[in-house]
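Chemist: next one to model:
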Amino acid sequence: MFFLNTLTHMIVSLCNGAYDLLWNDLITIPLPGGSSLGLSLLVLILIPSGIYFTVRTRFLPFRLFPEMLRVATEKKNISEKNAISGLQALIISTATRVGMGNLVGVVAAISAGGAGAVFWMWVIALLGSSTAFAEATLAQLHKEKDPLYGGYRGGPAYYIHHLFIKKGSRRKHSVIAVLFALSGLLCWCGVSQVVGNSVSSAFENAFNIPPIYTTIVLVVLAAVIVLRRNATVKVLDVIVPVMGVMYFIITLFIIIKNIGLIPSVFEEIFSQAFGFRQVAAGGIGAVIMNGAKRGLFSNEAGSGSAPCAAAAADISHPAKEGLLQALGVFIDTLVICSCTAMIMLLTPSGITSGLEGMDLLQTSMNYHLGEFGVIFIAVILWLFSFSTFIGILFYARPNVAYLFGDNWLSQTLYKVLALIMLFVGGLAAYTFVWDLGDVGVGLMTIFNMIALIPLAPQAIRSLKDYEGTLKKKRL
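Modeler: This next block holds a predicted model:
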């Protein structure tokens, strides 16, 4: 028993140390007015990388946004049996990007950093879309046939492997690729628990349903989908567009209902983003970093998650999938996160004073739409969270295969583990497991970026080739 307690204490201490290194401020820059700008290791990695890829792609988010929309709407052309289209890969990655963070995470950012945090959230999305393009294009360039599920598979574990292991080598694994895959599986187990807890808490608040009932239904539905061979994509094809459109329409209704307040809301966003009052009050650092962190956490660009879906796409040119994943960052942050921000900022501050998390968001919805608003946000959170769980198990497929080979036993065992975590999370929140998820995604980002920068020229060449093809078509 003493040994077990000692081991547990060591694991918790190690996890806490890793969390502090990855997410807490590594460098603090003093600012006017007594404020300071705290920069975590991940912020120091992801923001410069976003700037680098934005410059290298010649400001892709601005130049090629119309092309992103065109590629998203073009006709499917799938040649490989059981493969998915580029748009379906975008839907899967959107399912995991659009989750709890788009609701409560945005609320937390505004609560801590004020309305100005929204502007910096937008800036990070623009930078992150270029990073998302690079990693998704590389995933396409290094994909391989999937003998278990059919179609294709790949992601960072595979392009990391190709970077460090020479072609023709007998080595089956690269250390960095193994570490990435393990970090991903660790992260997605943590996310599974967060999903379960978020859904059961929201339904308890909205309908007074005991968590055990909500959790059982959630786990059974999830099991029916994820334990079937290729049901994931079919389910997400329905859920993701429906939940996104529903949330957007409701937000649009709230905006129209409060149309007279919109100019003052945008004035508040921009004035607090650059305002002298925030500098003088010592709060400009919180404004910038809360917006930046929310943008980074939400759009996942650079973490290596979305490329696990991007690699599975059967698409005519690798750069096309890169453009689609860049569009996914826009959808996540500039649309869905902005919807939550508008719902919050159109609510009188006196009504939500002292509240946080789901209580704050549900109170805002109650103000705008009455009891219907509280019920709606609980249902939409269920859809967001459920689609996230389904999506992360799609991400897990190529990583489990890379670590353990092509067999159904390892694939099924990981799915069962994730379902157990989903069940445990629905009944109680264990902070340690949540931190494990955060540590997992942080480590994924570091291992992914180790390969992403050296391999960047491949993605840039693919973009140039694609743009050359477009020019020829126009002539």
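
Chemist: where in the stretch 301-450 of the chain is pLDDT low?
Modeler: Counting by pLDDT under 70, the stretch 301-450 of the chain shows low-confidence ranges at 355-358, 429-437.

Chemist: got it, and the stretch 151-300 of the chain?
Modeler: Scanning the stretch 151-300 of the chain for pLDDT under 70 picks out 274-299.

Chemist: can you show me the strands along it?
Modeler: Using DSSP state E, counting those that start in this stretch, the strands of the stretch 151-300 of the chain run over residues 152-153.

Chemist: where along it do the helices fall?
Modeler: Under the criterion DSSP state H, counting those that start in this stretch, the stretch 151-300 of the chain carries helices at the ranges 156-164, 175-207, 211-226, 231-257, 262-274, 276-280, 284-299.

Chemist: switch these over to CSV; also include distance to Met449 and mean neighbour count.
Modeler: In short, each C-beta sits where N, CA and C put it, glycine included. Below are the helices of the stretch 151-300 of the chain laid out as CSV (distance: least, C-beta to C-beta, whole Å; neighbours: other C-beta atoms under 10 Å):
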stretch, distance to Met449, mean neighbour count
helix 156-164, 10, 25
helix 175-207, 10, 23
helix 211-226, 29, 17
helix 231-257, 27, 16
helix 262-274, 27, 16
helix 276-280, 31, 15
helix 284-299, 12, 25
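
Chemist: closest to Asp20 out of the ones you listed?
Modeler: helix 284-299 (14.9 Å; C-beta to C-beta).

Chemist: helices or strands up against the next helix or strand after the closest one?
Modeler: Once helix 284-299 ends, the next helix or strand along the chain (criterion: DSSP states H and E) is helix 307-310. When contacts are defined as 3 or more C-beta pairs under 8 Å, 6 or more residues apart in numbering; DSSP states H and E, helix 307-310 packs onto helix 86-97, helix 116-141, helix 156-164, helix 318-329, helix 371-404.

Chemist: quick one: the spatially most central residue of the chain from Val106, how far?
Modeler: By C-alpha atoms, centre = their mean, the chain has its centre lying nearest to Arg97, at 3.1 Å. Taking C-beta to C-beta, to the nearest Å as the measure, Arg97 falls 13 Å from Val106.

Chemist: wait, Asp465 touches Gln458, no?
Modeler: No: counting by C-beta atoms under 8 Å, Asp465 does not reach Gln458; the two are 10.7 Å apart.

Chemist: higher neighbour count, these two?
Modeler: Neighbour count, other C-beta atoms under 10 Å: between Asp465 and Gln458, Gln458 has more, with 18 against 13.

Chemist: excluding sequence neighbours, find me the nearest residue to the more buried one.
Modeler: Nearest non-adjacent residue to Gln458, counting by C-beta to C-beta, 6 or more residues apart in numbering: Leu141, 5.8 Å away.

Chemist: near that neighbour, how many other residues are there?
Modeler: When neighbours are counted by other C-beta under 10 Å, Leu141 registers 21.

Chemist: same deal with Thr347?
Modeler: Thr347 has 20 neighbours, counted by other C-beta under 10 Å.

Chemist: what distance do you get for the nearest residue to it once chain neighbours are set aside to Asn448?
Modeler: Nearest residue to Thr347 in three dimensions, chain neighbours excluded: Ser364, at 4.2 Å (C-beta to C-beta, 6+ apart). The spacing between Ser364 and Asn448, counted by C-beta to C-beta, is 35 Å.

Chemist: neighbour count winner among these two?
Modeler: Shown here are Ser364 and Asn448; by other C-beta under 10 Å, Asn448 has more neighbours (29 against 25).

Chemist: give me the phi and psi angles of Asp25.
Modeler: phi -60, psi 120 (degrees, to the nearest 10).

Chemist: was I right about it contacting Leu44?
Modeler: No: using C-beta under 8 Å, Asp25 is not in contact with Leu44; the gap is 10.2 Å.

Chemist: which of the two has more neighbours?
Modeler: Between Asp25 and Leu44, counted using other C-beta under 10 Å, the more crowded position is Asp25 (16 against 12).

Chemist: next, the closest residue to the more buried one other than its chain neighbours: secondary structure please.
Modeler: Distances taken as C-beta to C-beta, 6+ apart place Gly38 nearest to Asp25, at 3.3 Å, with adjacent residues excluded. Assigned by DSSP: H, G, I helix; E, B strand; the rest coil, the conformation of Gly38 is strand.

Chemist: rewinding a little: ok, which of the helices of the stretch 151-300 of the chain comes nearest Met342?
Modeler: Per C-beta to C-beta, nearest to Met342 of these: helix 231-257, 5.8 Å.

Chemist: which secondary structure elements does that closest one contact?
Modeler: Where contact means 3+ C-beta pairs under 8 Å, 6+ apart, helix 231-257 is packed against helix 86-97, helix 211-226, helix 338-345, helix 357-369, helix 371-404.

Chemist: who's in contact with Leu218?
Modeler: Residues near Leu218 by C-beta atoms under 8 Å, 6 or more residues apart in numbering: Gly196, Val199, Ser200, Phe386, Leu422, Gly426.

Chemist: what about 6 Å?
Modeler: Contact analysis of Leu218 by C-beta atoms under 6 Å, 6 or more residues apart in numbering lists Val199.

Chemist: go through the helices and strands packed on helix 231-257 and pick out the most buried.
Modeler: Ranked by mean neighbour count under mean count of other C-beta atoms under 10 Å, the helices and strands packed on helix 231-257 are led by helix 86-97, which reaches a mean of 26.

Chemist: and the residue nearest to Thr347, how far from Leu345?
Modeler: Counting by C-beta to C-beta, the gap from Ser364 to Leu345 is 9 Å.

Chemist: contacts for stretch 175-184 next, please.
Modeler: Defining contact as C-beta under 6 Å, 6+ apart, one finds that stretch 175-184 is touched by Pro156, Ala157, Ile160, His161, Asn399, Tyr402, Leu403, Gly440, Leu443, Met444, Phe447, Ile450.

Chemist: wait, the third one sits on Met449?
Modeler: No: at 10.4 Å, Ile160 and Met449 do not qualify as touching, with contact defined as C-beta atoms under 6 Å.

Chemist: now do the longest helix along the chain against helix 371-404, angle only.
Modeler: When the chain is parsed with DSSP state H, its longest helix is helix 431-474. Orientation check (axes from the mean of the first three to the mean of the last three C-alpha atoms, to 10 degrees): helix 431-474 against helix 371-404 gives 80 degrees.

Chemist: what is helix 431-474 packed up against?
Modeler: In terms of contacts (3 or more C-beta pairs under 6 Å, 6 or more residues apart in numbering; DSSP states H and E), helix 431-474 is packed against helix 2-23, helix 41-56, helix 116-141, helix 156-164, helix 175-207, helix 318-329.

Chemist: which one of those lies closest to Ile262?
Modeler: helix 116-141 (13.3 Å).

Chemist: show me what contacts the closest residue to Ala206 other than its chain neighbours?
Modeler: Spatially, and ignoring its direct neighbours in sequence, Ala206 is nearest to Ala378 (3.6 Å; C-beta to C-beta, 6+ apart). For Ala378, the contact set (C-beta under 6 Å, 6+ apart) comprises Ala202, Phe203, Ala206.
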